[in-house]
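# Sequence isn't available, so here's the structure alone:
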């Protein structure tokens, strides 16, 4: 079946959540947003490209930091309203310089830091 | 640091995306939404509880299907606007009876089914 980005279910802002997971390790790195054009650009270039809600602009991941995400596989969920990106991650994915954005756990009512920024 | 759910950044509907990942396998199972009360109930009961946008009601995962998610670890991202739930999944996570909702890949412009419904 040919893939038609217009059959995806974007929200009223024209966006959907995109989850980046590292190939091999399975580490969930981050979640950001994509519009239809970001999906198309990611598939076309193989460079993961989000839509920045704060900057209202395309965000080619790693363009300034060098922490590029290369697309390995793009997956759509059953409701066609969420994406899972399997990626090769160059350097840390998080802007805090941690490997993943999900570095804080909630355990026994307290926040626990699971990873430190990489040197 | 004590965890205070009111410090999480919910959207204008009072919701945030919650990604469920299977313990051990690292399989990303699904993405659904939580409000502050769903987060509190999930932590309190250990049974993953989402907010159903279509039904506008709490959704204790598996309550009708039996495909329960037991919380192993709850993680918050750097922006405090997305959750990662490490879970033990009973049966298939997807309502289509597949192990994960992300069973469709986009490869060379076509949709490819990666997994079949379990028997």
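Noted; the coordinates are in hand. Being a predicted model, the structure only gives us computed values, none of them experimental.
# Only C-alpha atoms from now on, for both contacts and neighbour counts.
Will do.
# is the spatially most central residue of chain A in a bridge, and if so with what?
Most central in chain A under CA atoms, centre = their mean is residue A:20, positioned 3.8 Å from the mean C-alpha point. In this structure, residue A:20 bridges to residue A:30, residue A:85 when assessed by DSSP bridges.
# Residue A:47 too?
For residue A:47, the beta-bridge partners under DSSP bridges are residue A:70.
# pretty sure it is touching residue A:67, no?
No - Residue A:47 lies out of contact with residue A:67 (CA atoms under 8 Å); the separation is 11.0 Å.
# what's the overlap in contacts for these two?
Overlap of the contact sets of residue A:47 and residue A:67 (by CA atoms under 8 Å, 6 or more residues apart in numbering or on different chains) consists of residue A:61.
# contacting residues for residue A:70?
Contact analysis of residue A:70 by CA under 8 Å, 6+ apart lists A:46-48, A:87-89.
# One more: residue A:67?
Contacts of residue A:67 by CA under 8 Å, 6+ apart are A:61, A:89-93.
# Near chain B, which residues of chain A? Just list them.
Contact residues (CA under 8 Å from any CA of the partner chain) of chain A with chain B: A:1-3, A:17, A:26-27, A:30-31, A:73-78, A:82-84, A:94, A:96, A:101-107, A:109-112.
# Now the buried members of those.
By neighbour count, with 16 or more other CA atoms under 10 Å in any protein chain shown, the residues of chain A next to chain B hold A:17, A:26-27, A:30-31, A:73-78, A:82-84, A:94, A:101-106, A:111-112 as buried.
# Please list the members of these that lie in strands.
Using DSSP state E, the members of these that fall in strands are A:17, A:30-31, A:73-76, A:83-84, A:104-106, A:111-112.
# could those go into TSV alongside pLDDT?
Supplementary listing: those in TSV, determined by pLDDT from 0 to 100:
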residue	pLDDT
A:17	98
A:30	98
A:31	98
A:73	98
A:74	98
A:75	98
A:76	98
A:83	98
A:84	98
A:104	98
A:105	98
A:106	97
A:111	96
A:112	97
